[in-house]
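Novice: can you look at this prediction? I've put the sequence above it.
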Amino acid sequence: TNTMLDVKKIAEAYNKDGLHAVFPLIKEKCDNMENEKLSIALTGEAGVGKSVFINAMRGLGPNDEGAAKEGSTEQTSEPTPYQHPTLPSVCLWDLPGIGTPAFSAHEYLDKVKFETYDLFILITGDRIKENDVKLAKEIKKMGKEFYFLRSKTDIVEENLPPMRQLGEELDKIRIYCKNNLEESGLPTSQVFLVSGKYPDRYDYMQFCDCLESELPDNKNNMAYPLLSYCHSCMCSLNSL
């Protein structure tokens, strides 16, 4: 990995020329990390809650300064960047909803410049649709990471019949989504159940842990502060 190569390079410099040879290498590494950017694209059909989730990841409420506009009437018409408020190397991109008249499925990839993002978060509604699968397959072709987030899980809890257990109901949804993806040719894809309304509940923390463990080293170094920030936000919410 890149991290192991960096450590080896620093060790060789130290063994050859001593401690003074190490400092320039460390400074170079730090400078490179400062200049690198992590671009995370959130995509999916219109109305699934991309803007809500972007605000949750940035620790912002809908009325805070710089927050993404939320609501079904606030449809994104072009890729919109949202800089993280405390992590300058991290940028979250709210992509237009696929399947709208302005962004049909066959034009979508070119219009939003899909190849420019480092990883993708595909947010779905109550079920995974054909457009979601198409996007996932295109991302897979590019060799980039993607994660399925099933949004609005709080509605499942609110509508739960009195005799049903929430854990069992959520397991059924996970199995349904997993089977749906397998039948669509995406057998290894994971689905995380989340809620923009209650970001401290359900599978959000598991999603953060998975993201941290699967990113390449150079991107993981940049994502780690974001994930730590998200964890701290969730802990703050839990303590309220």
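Specialist: Arrived safely, thanks for sending.

Novice: now do the helices in this structure.
Specialist: 2-17, 22-35, 50-57, 105-111, 130-141, 153-158, 166-183, 204-214, 217-239 (DSSP state H).

Novice: of those, which shows the lowest average pLDDT?
Specialist: With a mean of 47, helix 217-239 has the lowest mean pLDDT of the helices of the chain.

Novice: per-domain residue ranges of the chain.
Specialist: With domains defined by automatic domain parsing, the chain comprises 1-35, 36-239.

Novice: just name the most buried of these.
Specialist: domain 36-239 (a mean of 17; mean count of other C-beta atoms under 10 Å). In short, each C-beta sits where N, CA and C put it, glycine included.

Novice: how far away is L60 from Y117?
Specialist: 21 Å (C-beta to C-beta, to the nearest Å).

Novice: roughly how far out does stretch 162-177 sit from the chain middle?
Specialist: 24 Å (C-alpha atoms, centre = their mean, to the nearest Å).

Novice: what's it in contact with?
Specialist: 124, 127-128, 148, 150, 153, 156-157, 160, 191, 193, 202 (C-beta atoms under 8 Å, 6 or more residues apart in numbering).

Novice: mind running it again at 10 Å?
Specialist: By C-beta atoms under 10 Å, 6 or more residues apart in numbering, the residues outside stretch 162-177 that reach it are 124, 126-128, 148, 150, 153, 156-157, 159-161, 189-193, 202-203.

Novice: how about I54, what does it touch?
Specialist: Contacts of I54 (C-beta under 10 Å, 6+ apart): 40, 42, 60, 67-68, 70, 80, 82, 84, 92-94, 121, 123, 196.

Novice: with L160 instead?
Specialist: 166, 168-170.

Novice: repeat that with 6 Å
Specialist: By C-beta atoms under 6 Å, 6 or more residues apart in numbering, the residues touching L160 are L166.

Novice: again, but for T86
Specialist: By C-beta under 6 Å, 6+ apart, T86 has no neighbours at all.

Novice: pLDDT score for it?
Specialist: Confidence score, pLDDT, at T86: 72.

Novice: can you give me the distance of N63 to E158?
Specialist: 23 Å.

Novice: distance check, A67 against D200.
Specialist: 18 Å.

Novice: keep only those of the contacts of stretch 162-177 that are in strands.
Specialist: 124, 148, 150, 191-193 (DSSP state E).

Novice: what is the nearest of those residues to K16?
Specialist: Among the ones in strands among the contacts of stretch 162-177, F192 lies closest to K16 (C-beta to C-beta), at 47.0 Å.

Novice: the spatially most central residue of the chain: what's it in contact with?
Specialist: Centroid check for the chain by C-alpha atoms, centre = their mean gives I121 as the closest residue, at 4.3 Å. I121 makes contact with 42, 147, 149 under the criterion C-beta under 6 Å, 6+ apart.

Novice: using CSV, list the CA coordinates for stretch 191-204.
Specialist: In CSV, the C-alpha atoms belonging to stretch 191-204 read as follows (Å, rounded to 0.1, in the frame of the first residue of the first chain):
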residue,chain,number,x,y,z
VAL,A,191,-27.1,-1.7,1.9
PHE,A,192,-27.2,0.5,4.9
LEU,A,193,-30.5,1.7,6.4
VAL,A,194,-30.3,5.3,7.4
SER,A,195,-32.4,8.4,8.2
GLY,A,196,-31.5,12.0,7.5
LYS,A,197,-34.1,13.0,10.1
TYR,A,198,-32.4,10.9,12.8
PRO,A,199,-28.8,10.4,11.6
ASP,A,200,-27.7,8.9,14.9
ARG,A,201,-30.0,5.8,14.4
TYR,A,202,-30.0,2.6,12.3
ASP,A,203,-26.9,1.7,10.2
TYR,A,204,-25.1,5.1,9.9
